[in-house]
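S.K.: Turn this into a structure:
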Amino acid sequence: MLPHRRSEVRYTLFAPSALDDRIGDTIRPALDPRAVTEFTEYPERTRGAGYYSPAAIEIATQDGGEKVDLGDGGFVDWTAQFLENAKERCLISCLSTTRVATLMSG
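M.R.: As a prediction, the model looks like this:
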């Protein structure tokens, strides 16, 4: 993520799904350990529970010992509703480019 900073990606599963298996057999092995310091489950998260389903992610780093949120995302059903196809999947995310730029210049 950011050079010389501890980064963290946390995920929350709001509902049982095959995603839990994919995290273990596909996502974790594909992560570059130089880029992500921690990839952990965050079952306590409730923010976005009705908006994201079945899962959400958040990306953070440290600045002077303080956690700085950099991004958020998750699965939404917009495309499934629009296309009238329950099998349609859409993962959205955002990254605060202003925060990243501030941390890189500071």
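S.K.: Per-residue pLDDT of I92, please?
M.R.: Per-residue pLDDT puts I92 at 95.
S.K.: What lies in contact with stretch 5-25?
M.R.: Residues outside stretch 5-25 that contact it (Cβ atoms under 8 Å, 6 or more residues apart in numbering) are 1, 35-43, 45, 49, 52-63, 103. The C-beta positions use only the backbone N, C-alpha and C, and glycine is treated the same way.
S.K.: Apply 7 Å and report the result again.
M.R.: Identification of contacts with stretch 5-25 by Cβ atoms under 7 Å, 6 or more residues apart in numbering yields 1, 36-43, 45, 49, 52-62, 103.
S.K.: Now list the buried members of those.
M.R.: Buried members of the contacts of stretch 5-25, scored by 16 or more other Cβ atoms under 10 Å, are 1, 39, 45, 52-53, 55-61, 103.
S.K.: Include secondary structure when you put those residues into a markdown table, please.
M.R.: Below are these laid out as a markdown table (DSSP: H, G, I helix; E, B strand; the rest coil):
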| residue | secondary structure |
| --- | --- |
| M1 | coil |
| F39 | strand |
| R45 | coil |
| Y52 | coil |
| S53 | coil |
| A55 | strand |
| A56 | strand |
| I57 | strand |
| E58 | strand |
| I59 | strand |
| A60 | strand |
| T61 | strand |
| L103 | helix |
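S.K.: Which of the residues you listed scores worst on pLDDT?
M.R.: Among those, M1 has the lowest pLDDT, at 54.
S.K.: what's the distance between the residue sitting furthest away from the middle of the chain and R22?
M.R.: Residue farthest from the centre of the chain, counting by Cα atoms, centre = their mean, is E84 at 26.2 Å. Computed as Cβ to Cβ, to the nearest Å, the E84 to R22 distance reads 25 Å.
S.K.: Next: N85.
M.R.: For N85, the distance to R22 equals 20 Å [Cβ to Cβ].
S.K.: can you give me the strands in the chain?
M.R.: Per DSSP state E, the chain carries strands over the ranges 7-13, 38-41, 55-63, 66-76, 90-95.
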